[in-house]
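Chemist: Give me a 3D structure for the following:
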Amino acid sequence: MNNYYKNKKNYSPPRRTNSSFGEKIGSAFDVVMATLFSTTFLGFCGFVVLFSMYVTPKDISYFRVYAKNEAQNLVENTSTLASNVSTLATEVVSDITFKYEEYKEKEKQQLAQAELAKAEPVSLTQNLPAQEVEVQLNSSTSKITYFSQTDPRWGNSFYGNNNTMAIYGCGPTTVAMLASSLTDTIVYPPDVAKWAFDNGQFANNEGSYHSIIATGSANYGLTAQSLITPSKETLIDQLNKGNLIVVLMDKGHFTSGGHFIILRGVTENGEVLIADAKSLEHSQKAWSFDTILSEAKYASSYGGPFWSISKN
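Modeler: Take a look at the predicted model:
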């Protein structure tokens, strides 16, 4: 029997068909993945070898402490930043609130001024009818002839250009009380307002310059002594001498901006009596010296915010 496969001439190997494109891509992907795996594995092995050769437990401990310290610093800095932001936000809100209140107060004053302007103003130079008895405020050491800047006799009259006495006239009214109380002559607020305007003491839409107290007192034969930052004992001593004390007040019980009041006496309980040109009600109450000292406007000028007024 003849062996067909031994006859090389008659043997023909099976023909191999061409691989499909997908099989080629799959083979290439397998090669790439095998290469990447082997490369990564070799790299990791190399890293482990180098790490074991050069990085000691001491280094690891150092990096752990360093990382912990950095984390603590980050927490502290974040806390400080949050606190600063909170403080800044509080200050901004407070400033905005104060500005808004100031704006609303000016708006209210302008509306009141517009209403008063509708009425026919009283001339500052006309003779004012005197009341049979002006309001008197008495204490154990002094007697005050009290005037209100809103008095119907002059509240609608103009101080300066178009500023009404009822809103801007606390300065002239305060000087009028000083002159009428410490001299033998009754001086009315409109007369002082005219003098203040003619002598540069009027501040448009603000009232009066702080200098009106010293210069106004001198104009009516009185002496003004600057106290600036007195103690409670100093104020009591001046009042016990029969002097009157003018105080420029800041935002608080008496004003939202700036306002002159007069300290006129001390009660048996150690409280202070005042004369407030804007409020007879305030003028009939006793006040704590601490309230006066804490709400005084220390950013004032011309020797304020405290002036002791006496006879020459």
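Chemist: Just the strands from the stretch 101-250 of the chain, written as ranges.
Modeler: All strands of the stretch 101-250 of the chain, identified by DSSP state E, counting those that start in this stretch, fall at 135-138, 143-146, 158-159, 163-164, 202-203, 207-208, 222-226, 244-249.
Chemist: Now mean pLDDT and distance to Ile262 too, for the ones you listed, in CSV please.
Modeler: Where C-beta positions appear, they are placed from N, C-alpha and C, glycine not excepted. Formatted as CSV, the strands of the stretch 101-250 of the chain follow (pLDDT from 0 to 100; distance: least, Cβ to Cβ, whole Å):
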stretch, mean pLDDT, distance to Ile262
strand 135-138, 93, 9
strand 143-146, 94, 7
strand 158-159, 94, 19
strand 163-164, 94, 21
strand 202-203, 94, 20
strand 207-208, 94, 15
strand 222-226, 96, 12
strand 244-249, 97, 5
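Chemist: Ser27 is nearest to which of those?
Modeler: Ser27 lies closest to strand 244-249 among the strands of the stretch 101-250 of the chain, at 95.9 Å (Cβ to Cβ).
Chemist: pull the helix or strand with minimum mean pLDDT from the protein.
Modeler: Every helix and strand in the chain was compared by mean pLDDT, DSSP states H and E; the lowest is helix 57-118, with a mean of 67.
Chemist: what about Gly303, distance to Ile262?
Modeler: To Ile262, Gly303 is 16 Å away according to Cβ to Cβ, to the nearest Å.
Chemist: Comparing the two, which residue is more hemmed in?
Modeler: Higher neighbour count among Gly303 and Ile262: Ile262, with 24 against 16, using other Cβ atoms under 10 Å.
Chemist: Assign that one to one of the three secondary structure states.
Modeler: strand (DSSP: H, G, I helix; E, B strand; the rest coil).
Chemist: Can you check the pLDDT for it?
Modeler: Per-residue confidence (pLDDT) for Ile262: 97.
Chemist: looking at it, it is touching Lys278, isn't it?
Modeler: No. Ile262 is beyond contact range of Lys278, at 11.8 Å (criterion: Cβ atoms under 8 Å).
Chemist: What number of residues are in the vicinity of Leu280?
Modeler: Leu280: 15 neighbours (other Cβ under 10 Å).
Chemist: Quick one, grab the pLDDT at it.
Modeler: The predicted local confidence for Leu280 is 95.
Chemist: mind listing what it touches?
Modeler: Val135, Tyr146, Ser148 (Cβ atoms under 8 Å, 6 or more residues apart in numbering).
Chemist: Go through these and name the one nearest Gly43.
Modeler: Nearest member of the contacts of Leu280 to Gly43, counting by Cβ to Cβ, is Ser148, at 94.5 Å.
Chemist: Tell me how many other residues surround that closest one.
Modeler: Applying other Cβ under 10 Å, I find that Ser148 has 24 neighbouring residues.
Chemist: do the same with the one 5 residues further on
Modeler: Residue neighbour count, defined by other Cβ under 10 Å, stands at 17 for Arg153.
Chemist: gap between Ile213 and Ser310?
Modeler: 13 Å.
Chemist: Counting neighbours, go ahead and name the busier of these two.
Modeler: Neighbours were counted for Ile213 and for Ser310 using other Cβ under 10 Å; Ile213 has more, 30 against 16.
Chemist: For that one, which residues are in contact?
Modeler: Gly171, Thr174, Val175, Ala224, Val246, Leu248, Phe260, Tyr302, Gly304, Trp307, Ile309.
Chemist: What of Tyr298?
Modeler: Counted by Cβ under 8 Å, 6+ apart, Tyr298 has contacts Thr229, Asp250, Pro305.
Chemist: cutoff 7 Å now
Modeler: Thr229, Pro305 (Cβ atoms under 7 Å, 6 or more residues apart in numbering).
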